[in-house]
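S.K.: build me a structure from this.
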Amino acid sequence: MRRTAYSEYRSGVSSRRLLSCLVLLCLAGGGASAPVQHIYVLHTNDIQGALVPSQAWWMSRDFPPPLGNGPSALTVIGELRSQAAERGYGFVLLDAGDAFKGSPVGDFTRGQAVVDYFNRAGYDAIGVGSDDFAYGRSALESLVGASGIPWVCANIRVPGSDTAPAFLRPRIMLETGGVKVGVVGLITSYNNQLIPDSLAGDLEVGNETEIAREQVAALRAEGADIVVGLTHVGHRYEQRLAEDVPGFDVIVGGRSHTIVDPPVETPRNHTIVCQAGSRLTAVGFLDLTLDRASGRLIDYEGRIINLFAEEIPVDPGYLAELESLRAVAEEGFDEVLGHAARTLTRSDLLESPLGDLVTDAMREHSGADIALVNSSGIRADMAEGEVTYRDIYGIDEFGNSLVSGTYTGRQVREMLEIGMNEPYSIFQVSGVRFTCQPGSPFGSRIRTVTVGAAPLDPSATYRVVTSSYLGGPTGRYRVFQEGEDVSDTGFLLRDAIAAYVRRHSPVDAAVEGRITESAD
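M.R.: Have a look, this model is predicted:
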């Protein structure tokens, strides 16, 4: 990945369309009477509570560049807001959801630290992600209220209505630099499967494409010059949405944690689609150029501003506050639990070495016959060498607990079938092996199943352990609640992994063929 110097952004113009931008800037002159107007749009997504300075481990595992995260983001946002004001430009700051859960400080404060960051930075609107419900609907409502910022999502609705719940707004209109910027929020309709009813309550999620058409039309009717989609559906689906729904000028996305640099301009509708990675390691930047006479978008520049600590000063007061929180939230995190013989990787759509280890740890702790966990819940690889509790936290950043119950063989097969129909990932397994045909119709994807050395018996009973995410009463996962003696043990999955590392260090795992594709 190219490390782009922060100095490239201080001018507000990048090199992608330098000639056209220079012409426009000469015409504009920064004055209110100029024939064009600029709007700076800054954006973040999937912050996951990661406010504390970190390291860019994906660039170099051995020598990762330091990142400034929240304290550097405040510097970038403050400087570009001031620059926009000096030049008479508009300025909009947006976040696309999944803000709170996934890091010690975020979890320790149950999201309040992120709300404080949003308020310090002066965000104009925030979208909703599925993980924003992690502390429950009432907690999300409280956090939204505490932020004093509009949270937008048009397709989360009160059941049987086209009305958003009171704490959310389907769309908003912002006015900046003499330009009306309409913002509509959208979340993936898979949200009905991704969030347990116990957390979201009775809220329903409508089809994002159909509702987007309605909301874009409404914003245009209300006089929006620019329409921005603030979406939490994943980059692939954002591009599809941009092409299926005419009228979006910009889609600021989230969920897939994609670094889109430069932004993608879709071929049919010429919508600008952007996303800024995750965990506040970068801030996305767009410079939109509008023709004042027609109110139309005529040009744009866009880049990702990586928050490299050696290039971007941190806000010292904010850094001190975060360090105080971190000292409490991360007590004991650097204790060495054991060692990994090699790097154990994860995979969303294949059996993985780390998936085997995690499910083995679950089964060993619980004494169950079978362990199942969704691959997307395994959030980081386990690096070769020392393994600390901090590393384990990164693997299970959602803080799932273990849920166990007794099920028939028929129900176990249904669980495996559901795992092959997951929209984002399969289930990792222990104690069971199966063959499958992923392309077959739902209900016929699982072919052969063995538990231990014996074929799965539909009428026999088996003890199964899973995560509280899968074991909660939600959507197609209700089968996990239909067994006997189903209970949430309250024991954290990450603690089961930590105990396994302590007992078996140095740990190692390799793909064993627990999940194989059938030839017929």
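S.K.: A helix includes R503, no?
M.R.: Yes. Using DSSP: H, G, I helix; E, B strand; the rest coil, the secondary structure at R503 is a helix.
S.K.: and the chain, what are its domains?
M.R.: Following the assignment in automatic domain parsing, the chain carries domains at 54-328, 333-517.
S.K.: out of the ones you listed, flag the one nearest Q48.
M.R.: Between Q48 and the domains of the chain, the tightest spacing by Cβ to Cβ is seen for domain 54-328, at 3.2 Å. Just so you know, the C-beta spots here come from the backbone N, C-alpha and C atoms, and that holds for glycine as well.
S.K.: just the terminal-to-terminal distance for the closest one.
M.R.: With Cα to Cα, to the nearest Å as the measure, domain 54-328 spans 17 Å from end to end.
S.K.: tell me the gap between it and the middle of its chain.
M.R.: Distance of domain 54-328 from the chain centroid (Cα atoms, centre = their mean, to the nearest Å) equals 11 Å.
S.K.: same list, the domains of the chain, but as TSV with mean neighbour count please.
M.R.: Conversion of those to TSV gives the following (neighbours: other Cβ atoms under 10 Å):
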stretch	mean neighbour count
domain 54-328	20
domain 333-517	18
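S.K.: how much space separates D95 from P267?
M.R.: Distance from D95 to P267, counting by Cβ to Cβ, to the nearest Å: 28 Å.
S.K.: tell me the pLDDT of H235.
M.R.: H235 is assigned 93 on the pLDDT scale.
S.K.: from G68, how far out is the closest residue to it other than its chain neighbours?
M.R.: The spatial neighbour of H235 that comes closest, neighbours along the chain excluded (Cβ to Cβ, 6 or more residues apart in numbering), is T258 at 4.0 Å. Using Cβ to Cβ, one obtains 21 Å as the distance from T258 to G68.
S.K.: chain center to stretch 416-425: distance?
M.R.: On Cα atoms, centre = their mean, the centre of stretch 416-425 falls 19 Å from the chain's centre.
S.K.: hmm, I typed the wrong one, I wanted stretch 388-399.
M.R.: For stretch 388-399, the gap between its own C-alpha mean and the chain's C-alpha mean amounts to 17 Å (Cα atoms, centre = their mean).
S.K.: that's a strand at T209, yeah?
M.R.: No. According to three-state DSSP, T209 belongs to no strand; its state is helix.
S.K.: which ones are touching it?
M.R.: By Cβ atoms under 8 Å, 6 or more residues apart in numbering, the contact set of T209 is L241, D244, V245.
S.K.: relative to L354, which of the residues you listed is nearest.
M.R.: Lowest distance from L354 to the contacts of T209 (Cβ to Cβ) belongs to L241, with 32.1 Å.
S.K.: kindly export the helix or strand encompassing that closest one (C-alpha atoms) in CSV.
M.R.: Following DSSP states H and E, the helix or strand that holds L241 is helix 235-244. Output for helix 235-244, consisting of C-alpha atoms alone and laid out as CSV, is shown next (Å, rounded to 0.1, in the frame of the first residue of the first chain):
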residue,chain,number,x,y,z
HIS,A,235,-18.4,-2.2,-0.9
ARG,A,236,-19.6,-4.8,-3.5
TYR,A,237,-23.2,-4.0,-2.7
GLU,A,238,-22.6,-0.3,-2.5
GLN,A,239,-21.5,-0.4,-6.1
ARG,A,240,-24.5,-2.4,-7.0
LEU,A,241,-26.8,0.0,-5.2
ALA,A,242,-25.1,2.9,-7.0
GLU,A,243,-26.0,1.4,-10.4
ASP,A,244,-29.5,0.2,-9.4
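S.K.: now do that helix: which elements does it pack against?
M.R.: Contact partners of helix 235-244 among helices and strands, from 3 or more Cβ pairs under 8 Å, 6 or more residues apart in numbering; DSSP states H and E: helix 208-221, strand 226-232, strand 250-252, strand 272-274.
S.K.: got the contact list for it?
M.R.: Surrounding helix 235-244, the residues in contact under the criterion Cβ under 8 Å, 6+ apart are 186, 188, 208-209, 212, 229, 231, 233, 248, 251, 253, 256, 258, 260, 264, 266-269, 271, 273, 275.
S.K.: ok, C153 to G254 distance?
M.R.: To G254, C153 is 12 Å away according to Cβ to Cβ.
S.K.: are there residues contacting both of these two? Which ones?
M.R.: Contact criterion Cβ under 8 Å, 6+ apart; residues bridging C153 and G254 by contacting each: G127.
S.K.: on that earlier part again, among the domains of the chain, which comes closest to H38?
M.R.: Once the domains of the chain are compared by Cβ to Cβ, domain 54-328 is nearest, at 4.2 Å.
S.K.: right, and the helix or strand after the helix ranked longest in the chain?
M.R.: Counting residues, the longest helix found in the chain (DSSP state H) is helix 69-87. Scanning forward in sequence from helix 69-87 by DSSP H and E, the next helix or strand is strand 90-95.
S.K.: for whatever helix or strand comes next after that next one, packing partners?
M.R.: Past strand 90-95, heading to the C-terminal end, the next element that is a helix or strand (DSSP H and E) is helix 104-108. For helix 104-108, the helices and strands in contact under the criterion 3+ Cβ pairs under 8 Å, 6+ apart are helix 112-121, helix 316-329.
S.K.: kindly recompute the last result at 6 Å.
M.R.: Contacting helix 104-108 under the criterion 3 or more Cβ pairs under 6 Å, 6 or more residues apart in numbering; DSSP states H and E are the following elements: helix 316-329.
S.K.: so where do the strands sit in the stretch 301-450 of the chain?
M.R.: Assigned by DSSP state E, counting those that start in this stretch, the strands in the stretch 301-450 of the chain fall at 336-340, 370-374, 385-388, 401-408, 427-430, 432-436, 446-451.
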